[in-house]
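J.: Sharing a model prediction with you, sequence too.
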2 protein chains.
Amino acid sequence: MAHPALTRQESTTATEAAVRKLKHDIMSGVLAPDSQLKMRELKSRYGIGATPMREALAQLAAEGFVHQRAQKGFRVPPVSIEELIDITKTRQIAEGEAIRLAIEHATEAWEEEIVSSFHVLARAIDHTKAGKKDRDHFEERHHRFHRALISSCPLKSLREFCDDLYVRKTRYRRLLGSYGFTAKEVIGEHRLLMDAVLDRDVPRAQAVIRQHIGITADVIAEVLRAKNPVKVTTEKRKRAKTNAR
Amino acid sequence: MAHPALTRQESTTATEAAVRKLKHDIMSGVLAPDSQLKMRELKSRYGIGATPMREALAQLAAEGFVHQRAQKGFRVPPVSIEELIDITKTRQIAEGEAIRLAIEHATEAWEEEIVSSFHVLARAIDHTKAGKKDRDHFEERHHRFHRALISSCPLKSLREFCDDLYVRKTRYRRLLGSYGFTAKEVIGEHRLLMDAVLDRDVPRAQAVIRQHIGITADVIAEVLRAKNPVKVTTEKRKRAKTNAR
DNA sequence: AAAACGAAAAATATCGATATTTTCTTCCTA
DNA sequence: TAGGAAGAAAATATCGATATTTTTCGTTTT
């Protein structure tokens, strides 16, 4: 049976489980940016064989969560301020359009989901103590709220694009641990968003979302720059036993 | 190169070759929409083992070129008018923004690439006889021209999104074989695009690109509807020996 | 007959071992 | 002593076989 290292949830495939866990480990920074992903380590870490491990890597490579070079294996993508800026500006455009469409196609269910996801988010922010588990807890609710804002946008491709950009940016946010906003400020920011959208004020909603996306990125970029003045790329390292669970 | 089954190009991995060929076969309609992709057949068709085949499928599944269901294997994605419309509208928005940015960041190299890719495209259209090889030839040049239009847009994420939408729409175009435009009309359409962009007239360029994207989609949708009044999804079928080469 | 059951067959998912390529060491040479 | 083969070690990519799950198709039961 399959139980070696980590529990494989029932009715789920080994590949799926590996994708989920590997993605999480990359997003949360457990696996450092630019570090090499060696088959040996991955296999034992996630307790599966080469085939599903490789399949998971291929899938994540296609989504951009890992980089691949023929015959050179896989690595965690590096982070760069340039990419953060690119993601941010693109997201300001895409999400601006998505919010406009969402408001133009407003429904009651959409409003309800915004209100309730905001409530849950605000509560999570208040209770968060920056613990590891808490972080996942917060991120899940934060993601849900942002998805809710544009959920009534009828263009699926556009919604998915926004979601992709959201996720890619989240990686940057998470790699920094906490970043100087108080709970009150964070809640306030999101309340502004909710209010503008629920008022169905398109220009204001667009302005607020653009500002929200921009200000967060600015802070992240600043911290990134401070951490690593010139190159962000992590230095070579023999092993990362520390992270090896 | 690119022979029937085997012939793995040097310095290329088996997986990469499989990805390339499988993607082509799906895009060009050699593998019918909604048909099941059986490992046995795929392995022999592309002349590789299970591991790289599976890896290729996983990669294409992440990009949306094949669908996957746990324990049920892989299939060619179905086509639907709804998806075509979704892609079209989203692309009108995304490409409109990308063209605006491209014009705002115009460079000489950008203009040159537009002019030369247009020239090559026009020539290809004139010479095309709708043969199989010719189709690939035309598509390559058509793709190049559309990439050129937005190549000076500084937002990589946005450019890539446009490209993704372009490719997804191309599948619909290709699945229809030819569709009632004369060579002169097609060239004229693209010349309008080129002129508007080179004049650096943002509103006009946006209008033309939106119209260009929309009109093509309208024609495709019409043909699709005619072909398959109710459901587009292909009927079940035991085997597709015809295609199995 | 329709539903329900249960092997047998087929297809998917996974593993362990092997072939291939890259990287690292060591030793030789100019 | 820097440069560079040559061989060893490590890592990647691939294959063939096996375990697991789904599908098929007679057969039985109501």
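T.: Okay, I see it.
J.: if you skip the residues just before and after it, what's nearest to residue A:224?
T.: If you skip the residues right next to it in sequence, residue A:224 has residue A:81 as its closest partner in space, 5.7 Å away by CB to CB, 6 or more residues apart in numbering or on different chains. For every residue, glycine as well, the C-beta is placed using N, CA and C.
J.: Go ahead and confirm that neighbour touches residue A:223.
T.: No: the criterion here is CB atoms under 8 Å, and residue A:81 misses it with residue A:223 at 10.4 Å.
J.: pretty sure residue A:74 is in a helix, no?
T.: No: if the criterion is DSSP: H, G, I helix; E, B strand; the rest coil, then residue A:74 is strand and not within a helix.
J.: burial count for it?
T.: Here the neighbour count serves as a burial measure; for residue A:74 (other CB atoms under 10 Å in any protein chain shown) it reads 22.
J.: That one reaches residue A:37, doesn't it?
T.: Yes: if you go by CB under 8 Å, residue A:74 and residue A:37 touch, sitting 4.3 Å apart.
J.: Find residues that contact each of the two.
T.: In the contact map built from CB atoms under 8 Å, 6 or more residues apart in numbering or on different chains, the residues linked to both residue A:74 and residue A:37 are A:57, A:66.
J.: Quick one: the strands in chain A, in order.
T.: A:36-37, A:67-69, A:73-75 (DSSP state E).
J.: so which of these gets nearest chain B?
T.: Taking CB to the nearest CB as the measure, the strands of chain A were each checked against chain B, and strand A:67-69 came out nearest at 9.3 Å.
J.: average pLDDT for stretch A:99-113?
T.: Averaged over stretch A:99-113, pLDDT sits at 98.
J.: Name the residues of it that are buried.
T.: For stretch A:99-113, the buried set under the neighbour-count rule, 16 or more other CB atoms under 10 Å in any protein chain shown, comprises A:99, A:100, A:101, A:102, A:103, A:110, A:111, A:113.
J.: need the contact list for the fourth one.
T.: Listed by CB under 8 Å, 6+ apart, the contact set of residue A:102 reads A:110, A:149, A:150, A:151, A:152, A:153, A:197.
J.: Verify the contact between the third one and residue A:165 for me.
T.: No: using CB under 8 Å, residue A:150 makes no contact with residue A:165, being 11.4 Å away.
J.: and the gap between the residue lying closest to residue A:193 once chain neighbours are set aside and residue A:219?
T.: The spatially closest residue to residue A:193, leaving aside those adjacent along the chain, is residue A:208, at 5.5 Å (CB to CB, 6+ apart). Between residue A:208 and residue A:219 the distance, using CB to CB, to the nearest Å, works out to 17 Å.
J.: Compare the two (neighbour count), which wins?
T.: Set side by side, residue A:208 and residue A:219 give different neighbour counts by other CB under 10 Å, the larger being at residue A:208 (20 against 15).
J.: Could you pull out the buried residues of the lengthiest helix in chain A?
T.: In chain A, with assignment by DSSP state H, the single longest helix is helix A:202-227. Within helix A:202-227, the residues scored as buried using 16+ other CB under 10 Å are A:202, A:205-206, A:208-210, A:212-213, A:216-217, A:220-221, A:223-224.
J.: Dump these into CSV; add distance to residue A:33 and pLDDT as well.
T.: Output for the buried residues of helix A:202-227, formatted as CSV (distance: CB to CB, whole Å; pLDDT from 0 to 100):
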residue, distance to residue A:33, pLDDT
A:202, 37, 98
A:205, 34, 98
A:206, 32, 98
A:208, 31, 97
A:209, 27, 98
A:210, 27, 97
A:212, 25, 95
A:213, 22, 96
A:216, 19, 86
A:217, 17, 89
A:220, 14, 88
A:221, 15, 86
A:223, 14, 85
A:224, 11, 81
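J.: Please point out which parts of stretch A:193-200 sit buried.
T.: Within stretch A:193-200, the residues scored as buried using 16+ other CB under 10 Å are A:193, A:194, A:196, A:197, A:198.
J.: List the contacts of the second one.
T.: Contact criterion CB under 8 Å, 6+ apart gives A:114, A:115, A:118, A:149 as the residues in contact with residue A:194.
J.: ok, now the last one?
T.: Neighbouring residues of residue A:198 by CB under 8 Å, 6+ apart: A:111, A:114, A:115.
J.: Residue A:150 and residue A:165: which is more packed in?
T.: Counting neighbours by other CB under 10 Å for residue A:150 and for residue A:165 shows that residue A:150 has the greater number, 26 against 23.
J.: Need the per-residue pLDDT for that one.
T.: 98.
J.: Ignoring the adjacent residues along the chain, who's closest to it?
T.: The nearest residue in space to residue A:150 (CB to CB, 6+ apart) is residue A:98, at 4.2 Å.
J.: That neighbour contacts residue A:153, doesn't it?
T.: Yes: here residue A:98 lies in contact with residue A:153, judged by CB under 8 Å, at a distance of 4.6 Å.
J.: Now do the shared contacts for those two.
T.: Applying CB under 8 Å, 6+ apart, one finds that residue A:98 and residue A:153 are jointly contacted by residue A:159.
J.: Tell me which of those two has more neighbours.
T.: residue A:98 (26 against 22).
J.: which residues pair with the residue of chain A at minimum distance from DNA strand D across the strands?
T.: Among all residues of chain A, residue A:73 sits closest to DNA strand D, at 3.0 Å; criterion: CB to the nearest atom of the strand. Assessed by DSSP bridges, residue A:73 has beta-bridge partners residue A:69.
J.: Would you agree it is in contact with residue A:40?
T.: No: in this structure residue A:73 lies outside contact range of residue A:40 using CB under 8 Å: 10.8 Å.
J.: out of these two, which sits in the busier spot?
T.: Neighbours per residue (other CB under 10 Å) separate residue A:73 from residue A:40, with residue A:73 holding more: 15 against 8.
J.: Next, find the distance separating the more buried one from DNA strand C.
T.: From residue A:73 across to DNA strand C, the span is 9 Å (CB to the nearest atom of the strand, to the nearest Å).
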